[in-house]
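**Q** quick one, structure for this:
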Amino acid sequence: MKIHQFYDKGLAHASYAVIRNGRMIVVDPARDPQPYYDFATLNEADITGIIETHPHADFVSSHLEIHQSTGAVIYVSKLTGAEYPHETFDDGDAIKLDDIKLKALNTPGHSPDSICVLVEDQYGNEKALFTGDTLFVGDVGRPDLRENAGNITAKKEQLARQMYYSTREKLMTLPHDVVVYPAHGPGSLCGKNMSPDLQSTIGRELRENYALQLMDELTFIKTITEDQPFIPKYFGHDVELNKTGAPSFNDSISAVFRPGGDFQIEKNIPVIDTRSKEDFKKGFLKGAINLQDGEKFETWLGSIIGPGEQFYLIATNDDDLDTVIKKAAKIGYEQNIKAALLPPAYATERSAELDLADFKSHPENYTIVDARNPIETDDGLVFDHACTIPLPELRERINEIPTDKPIVAHCAAGYRSAAASSIIRGKITNVPVYDLGEVIKELEIQKMNA
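**A** I've put the predicted structure just below:
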């Protein structure tokens, strides 16, 4: 038996292939199916099954496309309400992969339709557990993503209660040497306390995972419902898309309109400019949002732009444009792209340069916008008089920013402030708008040492 992990660092998403004697099953595949085809070819295996542990909120799965391309059976819980061809896979069900078995465990908690997949070897020994978003290394799945999305909705307290029993009755009773393979690693918004490690064992989680320690049900519910990270705008959309099945990855990205020359964009449609902030500052379109291509581009795109909203996409060159289109497709946003283009000649807007000496000496003369998330700002502000508006909410709350002083936006390290300052600059024009950038790290250290 061979188990292989595929890991997408940008979305902190782990998917898996299980191979036994020339047959392969894929667990929780990402949007692009090609890596699974390549792995099957490399190992001279046929893909015969795809298992979805639940309809994912944070990425789009290729389960339907793999089924259509290979004829592999899709297995998913009957509670999902799947609208694609599938076989139900719930407690008591098992998939035979030659002489090994993959057994379904219903483990509601992260979602009402979550399952884990227990692997038994040819001798009947329980060896591995694909935990989806139920159990992570050091954490469990957050219970607040299915209050308004999916075939079955449930309040977070109800799901947290189900998670308590799923972990105690289904997972914590397994042999300590069972290897845990989760669907996410650190940086995922599907949990709040994930370890950097991408696999574990039941025994280690029993020792180290805060959520698996001895506590009563009410304490557990309170513990896992508080201090969860923000929910990006696209999460509910992806749950629904995964319930129906996404279109072909390559066909979909090939259909994105890519005009040449100085294509004229329409007004009132957001422009996402993915160039570095240094290149952006040399000349940009009025109102453009500088969301730089980086490790978490997909998450921030789906946090700023709504799932029903069209947008333009700009990158430095064709290769970079290919990259960001594919990243948009990972969250199902390629169909939202009105056009993908290189910087047009009429991108001539410039941003003002902040006088750092004056700002450091007289920060009270500026309106400061702290674009960090509540979990960050609750730990304290760098500037006591700052206006706190998280980046995902900034477009909707722009009118809360006073306009009687120059405006300075900051975050924790500079990435979000580039986007925040460009959003503000596109709407507020009567005062200068500045990006504090990486200088915030220096000022935060100074405050801590003061």
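**Q** who are the packing partners of whichever strand or helix holds I19?
**A** In the assignment (DSSP states H and E), I19 maps to strand 13-20. Contacts defined by 3 or more CB pairs under 8 Å, 6 or more residues apart in numbering; DSSP states H and E place strand 13-20 against strand 2-8, strand 23-27, helix 34-42, strand 179-182. Backbone N, C-alpha and C define where each C-beta goes, glycine included.
**Q** in the chain, which spans are helices?
**A** For the chain, applying DSSP state H gives helices covering 34-42, 63-70, 156-165, 202-208, 217-225, 235-244, 249-254, 277-281, 297-304, 318-330, 356-361, 374-377, 415-427, 439-449.
**Q** contact partners of the second one?
**A** Applying CB atoms under 8 Å, 6 or more residues apart in numbering, the external contacts of helix 63-70 come out as 26, 29, 33, 36-37, 46-48, 50, 52, 72-74, 84-85, 242, 245-249.
**Q** quick one: mean pLDDT over that helix.
**A** Summarised as a single mean, pLDDT over helix 63-70 is 98.
**Q** export it to PDB, keeping only CA atoms.
**A** This file holds the C-alpha atoms of helix 63-70, laid out as PDB (Å, rounded to 0.1, in the frame of the first residue of the first chain):
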ATOM      1  CA  HIS A  63     -13.900  15.200  -8.100                       C
ATOM      2  CA  LEU A  64     -16.500  15.600 -10.900                       C
ATOM      3  CA  GLU A  65     -13.800  16.200 -13.600                       C
ATOM      4  CA  ILE A  66     -11.800  13.200 -12.500                       C
ATOM      5  CA  HIS A  67     -15.000  11.000 -12.600                       C
ATOM      6  CA  GLN A  68     -15.800  12.300 -16.100                       C
ATOM      7  CA  SER A  69     -12.200  11.700 -17.300                       C
ATOM      8  CA  THR A  70     -11.500   8.300 -15.800                       C
END
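**Q** just the angle between the strand holding I19 and helix 34-42, please?
**A** Using axes from the mean of the first three to the mean of the last three CA atoms, to 10 degrees, the inter-axis angle of strand 13-20 relative to helix 34-42 is 20 degrees.
**Q** domain assignment for the chain?
**A** Here the domain parsing of the chain from automatic domain parsing is 2-237, 248-341, 356-449.
**Q** where does the chain dip in pLDDT?
**A** Where the chain drops to pLDDT under 70, the residues are 152, 450.
**Q** how long is stretch 102-120 from one end to the other?
**A** From its first residue to its last, stretch 102-120 covers 6 Å (CA to CA, to the nearest Å).
**Q** mind checking how far it is from the chain centre?
**A** Per CA atoms, centre = their mean, to the nearest Å, the displacement of stretch 102-120 from the mean C-alpha position of its chain is 21 Å.
**Q** quick one: E309 from Q335, how far?
**A** From E309 over to Q335 the distance is 11 Å, taken as CB to CB, to the nearest Å.
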